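Visitor: following is a predicted model, sequence given first.
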Amino acid sequence: MSYFYILPDQHMNYTMNRPLADGEAKTRIAEAKALAPKIKDVDTWTAAFLQAAKQAESEKRWLDAAAYYHQVEFFLPAGDLRNSYYDDFARTHALGMEGVKGYEQIKVPYPGGHLPGFRLPAQGKEIATFVFNGGYDSFVEEFYPFLKPLTEIGFTVIGFDGPGQGGALRQGIFFDHAWEKAAKAVLDYFNLDQVDWLGASCGGYLALRAAAFEPRIKHVISLPATYWGIDMTLKQIAPGQDKRLVSLFKAGDREGVEALITTEQRTGSVCFNWCIIQGMHITGTKTPFDCLTALSQHSLEGILHNVKQDVLLTEGEDDHLFHTEWLYRTMDELVCAHSVTARTFTAREGAEQHCQVGNSALAREEIVRWLSRFHPQIEVPRSAATSG
C-alpha cells in the first residue's frame, strides 16, 4: 500500500495517485514523479499527461497510455477536445485488454444508446453476482484491477458506466439521479434476480438510490456514503460561502449563484473549479446554476426508508471530497434496512483517502469480509478476517 505526496495541490495529488495501483504500478509511479516538476496548474497538468500518453502509446504500453489519457481529459471542460481524449482512452484501453482471459465487454441497451462495461465470470463455482458502478468522474475500466480479484472468490462481476459516466456519457446519456432505471436495465439484460451491489464515490448515493427501488439488490455497499448531489461542491468552497451558496440557490437566485461561483472559480481551489466543470460535463448543462439544479436532484432525503437490504457504509477519515459526517446522517435514516454496518478507514491503515486510494485492497477485503456474513461459502482472506 502506498499513497504518494507528489503535488502540492491536494486534489491534483489525489488524482495523480488514482492510477498508481496502491503503489504497485512501478512504471507509472516513476513517470508521475518525473512529471510532477512540470505541473503548476491545470494547463500544465494537461500538457504533461498528454506527452506521457503519447509516449506510452508509441511504446505500445496501452494501459499506461489509457491511464494518462484519462488524466489528460480529467480537468477539461465539456466539448470536442475532451471527447477526443476520452476516445483515445477507450481506444488504448481496448488494445490493452485484447486477449485478456475472462474479460467480456458488454453493451446493455438503454434509451439513447447503451450502457458499456464488462463482465468477469467467476472462477470456479459461482457464489453470487456482484455489480459495480462508479460516480462523478470515473470510467468503469479503471476499476478492473480492483474488481478482478473478486472472481477468484467466486463472484461473477459486472461493471458498467451508467448515465453521465464514461462511455455512456460519450453517447450523450447524461447523469440521472434515478439510478434504479440503470439498475433495472442491467438486471433485466442479464436476467438476474438477486445481486450484491457496490457504488464508489458519488456512486455510493447511486447504489443506495437503486437499492431503494430495486429489490433484486440484496446487499449494497456505499464506498463511501454521500447524501446530496451538491455536498461535494459545497465542501470545496471558501469557509462560510457554502451556506451563502445554498441560500442563494434555494431562493432561485440565478444571478447571485453565478456571481458567487465565478468569484470562487477565480480565487478558489482547483477542486471547487473541477466540481463545477465536471458537473456541467456529466449533466449536459451550460451554466453552474443549471448544473447545481441537476445535481440537487441526487438526494437521499425521503428515500432511505425504502432501503430494506443489508447495507455497508464506508468512509476514509481524511477524505478531501466527502465529510465523514455524511455517513452518520445516512445511518440515522436507514431505519428499515435489514442491517447497517459502518466502517471508517484510517491513516494508520493507509486507507484514509477518498475511496481508499493508496490501500484499496483493504477496502475490497472489508467488503468481502462483510459479504461473507451472507455468503458463508466465502473464504475470507486472513488480513480481512483480522482487520477492523
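Guide: Everything's here; your move.

Visitor: and for stretch 113-123, what are the contacting residues?
Guide: The contact list for stretch 113-123 (CB atoms under 8 Å, 6 or more residues apart in numbering) reads 102-108, 140-141, 144, 147-148, 150-152, 154-163, 166-168, 171-173, 182, 185-186, 190. Heads up, the C-betas are built off the backbone N, CA and C, glycines and all.

Visitor: and those residues, which of them are in strands?
Guide: Within the contacts of stretch 113-123, residues falling in strands by DSSP state E are 104-108, 155-160.

Visitor: can you give me the helices in the stretch 101-250 of the chain?
Guide: Along the stretch 101-250 of the chain, counting by DSSP state H, counting those that start in this stretch, helices occupy 144-153, 166-170, 180-189, 203-213, 231-236, 241-250.

Visitor: separation between the closest residue to Gly204 other than its chain neighbours and Leu312?
Guide: Leaving aside its sequence neighbours, Gly204 sits nearest to Ser222 (CB to CB, 6 or more residues apart in numbering; 3.5 Å). Between Ser222 and Leu312 the computed distance is 7 Å (CB to CB, to the nearest Å).

Visitor: swap in Ala183?
Guide: Separation of Ala183 from Leu312 (CB to CB): 17 Å.

Visitor: again, but for Lys101
Guide: Taking CB to CB, one finds Lys101 at 30 Å from Leu312.

Visitor: who has more neighbours out of those two?
Guide: Neighbour totals were compared for Lys101 and Leu312, and Leu312 leads with 23 against 5 (other CB atoms under 10 Å).

Visitor: pull the host helix or strand of that one out as PDB, backbone CA atoms only.
Guide: Using DSSP states H and E, Leu312 maps to strand 310-316. The C-alpha coordinates for strand 310-316 follow below in PDB (Å, rounded to 0.1, in the frame of the first residue of the first chain):
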ATOM      1  CA  ASP A 310     -28.300  -5.200   4.200                       C
ATOM      2  CA  VAL A 311     -26.100  -2.100   3.900                       C
ATOM      3  CA  LEU A 312     -22.400  -1.400   4.300                       C
ATOM      4  CA  LEU A 313     -21.400   2.300   4.500                       C
ATOM      5  CA  THR A 314     -17.700   3.300   4.400                       C
ATOM      6  CA  GLU A 315     -15.600   6.500   4.700                       C
ATOM      7  CA  GLY A 316     -12.000   7.500   4.900                       C
END
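
Visitor: so what does it touch, helix or strand wise?
Guide: Applying 3 or more CB pairs under 8 Å, 6 or more residues apart in numbering; DSSP states H and E, one finds that strand 310-316 contacts helix 203-213, strand 217-223, helix 325-333, strand 339-345, helix 360-371.

Visitor: burial of His338, as a residue count?
Guide: Using other CB under 10 Å, the number of residues around His338 comes to 13.

Visitor: correction: Lys286
Guide: Other residues near Lys286 come to 10 when the count uses other CB under 10 Å.

Visitor: tell me who's in contact with it.
Guide: Lys286 makes contact with Met280, according to CB under 8 Å, 6+ apart.

Visitor: done for today, thanks.
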